[in-house]
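here's a sequence, model it:
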Amino acid sequence: MVLDTECMEKVSVFLSAKGLEKIGMFSGKIDPFAVLYEVDPGNGRLIPMGITNVAQDQTDPNWTTTFVLNYHFEAIQEFLVKVYHNDGTALPADVNKVNLAKQHWIGDVRFRLSNLMCARSQKVTSTFSTDAKGEVIVRGEVMHNTRDNLIVTFACNKLINKEGFFSTSDPFIQASRMNEDGTWTVVWQNEHVNNSLNPRWAQTKISMASLCNGDIDRPLKFDIFDYEKSGKHVFMGLVNASVRDLISSNGAAMNVVEPLKQAKKGAKYLNSGTLHATYCYIEENPTFSDFIAGGCEISLVVAVDFTASNGDPAAPNSLHYISPVGTPNSYQQAIQAVGNVLEPYDTDKLYPVYGFGAKLKDAAGKYGAVQHCFPVYGGGLEVQGVDGILQAYKDSLQHVMLSGPTLFAPLINATCQRAAASLCSQEKQSYTILLILTDGTINDLEATKAALVAASKTPMSVIIIGVGNADFSEMDALDSDKEMLSSCGVVAARDIVQFVSFKEFILKGTAKLAEEVLYEVPSQVLLYMKQNSIKPNPATN
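Prediction:
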């Protein structure tokens with residue numbers, strides 16, 4: 001759940017192995033990789049979590065892949081590591097697309113996440129369940145809540161050639177971070193540069209969580225190797241430096257050192273070349289929680305479909321039927337599910353509730369023209385809490401005549417004006433979510449697209465929940481999961497729409513409904529803040 005409602009931590013897990021046996025009597029090599037699975041506690045089913053890189057011809061592989069797991073201290077979380085020898089084919093990054101039946105299986109090890117996190121140095125070593133030689137080392141570390149990246153351009157000068165007189169080395173850099181027990185874990189590697197002792201690499205972006213867990217003073221080691229197709233890369237030297245050291249170097253030369261050569265030559269030894277980190281800085285990417293902790297308020301606006309296609313509210317088969325025994329209808333369930341999740345993020349708990357597609361009674365008791373955006377209480381009165389929203393919904397059914405058509409643009413435009421009027425700024429941070437509950441297709445699709453494109457520049461998102469059995473295929477045109485929404489040649493600044501059909505969650509439960517519709521909201525908030533150069537304020541009480 002992306003709104004941090006669960007009590008959990010994220011753990012970085014790293015895999016390595018030692019003493020693996022080479023495959024084949026004559027080839028005498030092993031190209032190992034590993035697949036991590038979570039064991040379903042209910043039925044024992046293996047759930048693939050990811051796959052490592054292939055370590056070419058390595059009996060003691062240090063895989064660079066970082067697995068990020070959710071750690072629940074109250075649960076038994078068992079994981080399985082399967083180690084394979086690669087058959088020579090390139091492996092896709094998606095583990096579900098790998099034909100593991102064609103790979104040479106070496107063996108398995110199991111571990112519990114709780115045992116890993118309680119182990120000394122948060123490291124467990126296990127032998128294979130089969131008679132295969134070798135052992136697998138699993139290391140874990142609680143992640144700091146960081147989305148920041150290190151932006152850096154690496155270059156080297158005057159490296160020592162390791163290829164003899166007739167060829168030139170092909171250097172690459174491998175970064176490792178120091179663990180609490182003084183050992184090192186490989187966390188990043190770049191591409192090799194062919195035939196160069198003065199290599200220049202393109203600007204790169206490295207996750208601070210993976211590189212140093214957000215600690216800019218954590219010791220790091222940058223090993224430089226001469227790339228070999230066989231996987232037996234030749235060591236060219238290393239540089240010890242933290243992220244702070246890289247940034248403060250301002251591109252100045254850092255000595256590349258070969259420890260054995262340094263020990264042999266003593267004071268006469270200067271270096272084996274130099275490493276330069278230029279244009280080096282931390283790209284800040286705050287989390288949704290950072291904004292919430294800094295006082296950003298999430299406001300909810302609710303809009304309910306009162307078109308005639310819902311059926312007569314007095315009839316039991318109507319989508320608006322209010323059960324005399326208290327059984328909530330689909331509208332009530334959706335309001336409660338989404339409202340209960342968002343309510344803690346709104347300080348005043350006051351919500352505007354609108355209706356659309358209905359005729360309202362005037363003072364003389366006559367119904368007027370169809371209204372496409374009206375407050376359910378006259379004068380635009382806001383209601384208190386989720387219970388207030390539910391009561392307003394029930395009360396509105398007593399004084400509206402269901403009509404039509406179904407128009408979204410007036411609702412979106414009104415909410416857009418409200419969001420813009422909130423004057424979201426660095427000092428006063430706010431974000432509005434419009435929840436539209438509807439039973440049918442849109443009759444103003446092009447106008448709705450235009451309204452959404454305009455709204456994408458304001459601090460708001462739109463959640464649409466389809467109620468009933470109507471054809472909601474048109475809603476997919478509003479959700480920009482595949483390509484950005486556009487209208488009359490104008491492209492939306494960002495994706496702000498999420499649609500789900502309520503009937504898909506009847507069996508899954510309303511908690512899953514809320515999780516699905518709110519899943520994209522944090523990323524939508526973060527993108528708006530980034531586009532408008534708004535950073536989280538210091539945490540408040």
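
pLDDT weak spots in this protein?
1-9, 25-27, 73-74, 145, 379, 481, 540-541 (pLDDT under 70).

helices along that one, start to end?
Using DSSP state H, the helices of the chain run over 113-118, 208-212, 243-248, 259-265, 288-293, 330-342, 385-396, 409-421, 445-455, 510-518, 521-531.

and for this protein, the residue most distant from the center?
Centroid-distance maximum for the chain: A364 at 54.8 Å, with Cα atoms, centre = their mean.

hang on, T347 packs against E297?
Yes. Counting by Cβ atoms under 8 Å, T347 does reach E297; the two are 5.7 Å apart. From N, CA and C alone the C-beta is placed, and that goes for glycine too.

between these two, point out the one with more neighbours.
More crowded of T347 and E297, by other Cβ atoms under 10 Å: E297, with 17 against 10.

ok, that one to N96 distance?
Separation of E297 from N96 (Cβ to Cβ, to the nearest Å) stands at 40 Å.

using CSV, write out every CA atom in stretch 217-236.
Extracted in CSV, the C-alpha atoms of stretch 217-236 (Å, rounded to 0.1, in the frame of the first residue of the first chain):
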residue,chain,number,x,y,z
ASP,A,217,29.6,9.3,4.5
ARG,A,218,29.4,5.5,4.1
PRO,A,219,32.7,4.0,2.9
LEU,A,220,32.5,3.0,-0.7
LYS,A,221,35.0,1.2,-2.9
PHE,A,222,35.3,1.8,-6.7
ASP,A,223,37.2,-1.1,-8.3
ILE,A,224,38.4,-0.7,-11.9
PHE,A,225,38.7,-3.9,-14.0
ASP,A,226,39.9,-4.8,-17.4
TYR,A,227,36.9,-6.5,-19.0
GLU,A,228,37.4,-10.0,-20.3
LYS,A,229,34.7,-12.0,-22.2
SER,A,230,35.6,-15.1,-20.1
GLY,A,231,34.4,-13.2,-17.0
LYS,A,232,37.9,-13.4,-15.5
HIS,A,233,38.3,-9.6,-15.3
VAL,A,234,41.7,-8.2,-14.5
PHE,A,235,42.0,-5.9,-11.5
MET,A,236,43.4,-2.5,-12.5
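
chain center to it: distance?
30 Å (Cα atoms, centre = their mean, to the nearest Å).

all the strands of the stretch 151-300 of the chain, in order from the start?
171-178, 184-189, 204-207, 220-226, 234-240, 254-255, 274-283, 297-305 (DSSP state E, counting those that start in this stretch).

which of these is buried the deepest?
When the strands of the stretch 151-300 of the chain are scored by mean count of other Cβ atoms under 10 Å, the highest mean neighbour count falls to strand 297-305 (a mean of 24).

neighbours around K530, how many?
Counted with other Cβ under 10 Å, K530 comes out at 14.

for it, which non-adjacent residue is spatially closest?
N285 (7.8 Å; Cβ to Cβ, 6 or more residues apart in numbering).

got it, and F288?
Nearest one to F288, counting by Cβ to Cβ, 6+ apart, is P522 at 3.6 Å.

can you tell me how far N190 is from P199?
N190 is 10 Å from P199, by Cβ to Cβ.

those two: which has the busier surroundings?
Between N190 and P199, counted using other Cβ under 10 Å, P199 has the larger neighbour count: 22 against 16.

list the contacts of the more buried one.
By Cβ atoms under 8 Å, 6 or more residues apart in numbering, the contact set of P199 is 155-156, 159, 171, 193.

thinking again about what came up before, residues near the residue nearest to F288, how many?
For P522, using other Cβ under 10 Å, the count is 17.

how about G388?
G388 has 18 nearby residues by other Cβ under 10 Å.

next one: the one 3 residues further on
The number of residues packed near Q391 is 15, by other Cβ under 10 Å.

would you confirm that it contacts V383?
Yes. The criterion here is Cβ under 8 Å, and Q391 meets it with V383 at 7.1 Å.

give me the common contacts of these two.
Counting by Cβ under 8 Å, 6+ apart, Q391 and V383 have no common neighbour.

isn't V491 right up against L452?
No. Assessed by Cβ under 8 Å, V491 is found out of contact with L452, at 11.3 Å.

who has more neighbours out of those two?
L452 (25 against 13).

if I look at that one, how far off is G489?
L452 is 15 Å from G489, by Cβ to Cβ.

can you give me the strands in the stretch 351-500 of the chain?
Along the stretch 351-500 of the chain, counting by DSSP E, counting those that start in this stretch, strands occupy 353-356, 358-361, 367-371, 374-375, 383-384, 400-402, 430-438, 460-466, 486-487, 490-491, 497-501.

and M475, which of those is closest to it?
strand 497-501 (4.2 Å; Cβ to Cβ).

paired strands for that closest one, with orientation please.
strand 460-466 (parallel) (DSSP bridges).

find residues that contact each of V491 and L452.
The contact lists of V491 and L452 share L485, where a contact means Cβ under 8 Å, 6+ apart.

burial of the residue nearest to K530, as a residue count?
With other Cβ under 10 Å as criterion, N285 counts 14.

residue contacts, it?
Counting by Cβ under 8 Å, 6+ apart, N285 makes contact with 147-149, 526, 530.

what's the closest of those residues to G326?
The closest of the contacts of N285, once distances to G326 are taken by Cβ to Cβ, is L526, at 39.5 Å.

hang on, the earlier thing: ok, of the contacts of P199, which one's closest to D226?
Using Cβ to Cβ, the contacts of P199 come closest to D226 at P171, 6.2 Å.

for the closest one, which non-adjacent residue is closest in space?
P199 (4.9 Å).

any chance you could read off phi and psi for that neighbour?
Phi and psi for P199, reported as degrees, to the nearest 10, are phi -70, psi 150.

for T168, see how far away it is.
10 Å.

what does I442 give?
Taken as Cβ to Cβ, the span from I442 to T168 is 64 Å.

and if you look at D108?
43 Å.

these two - which one has more neighbours?
Neighbours per residue, other Cβ under 10 Å: of D108 and T168, the larger number sits with D108, 18 against 15.

surely that one is in contact with T130?
Yes. The criterion here is Cβ under 8 Å, and D108 meets it with T130 at 7.3 Å.
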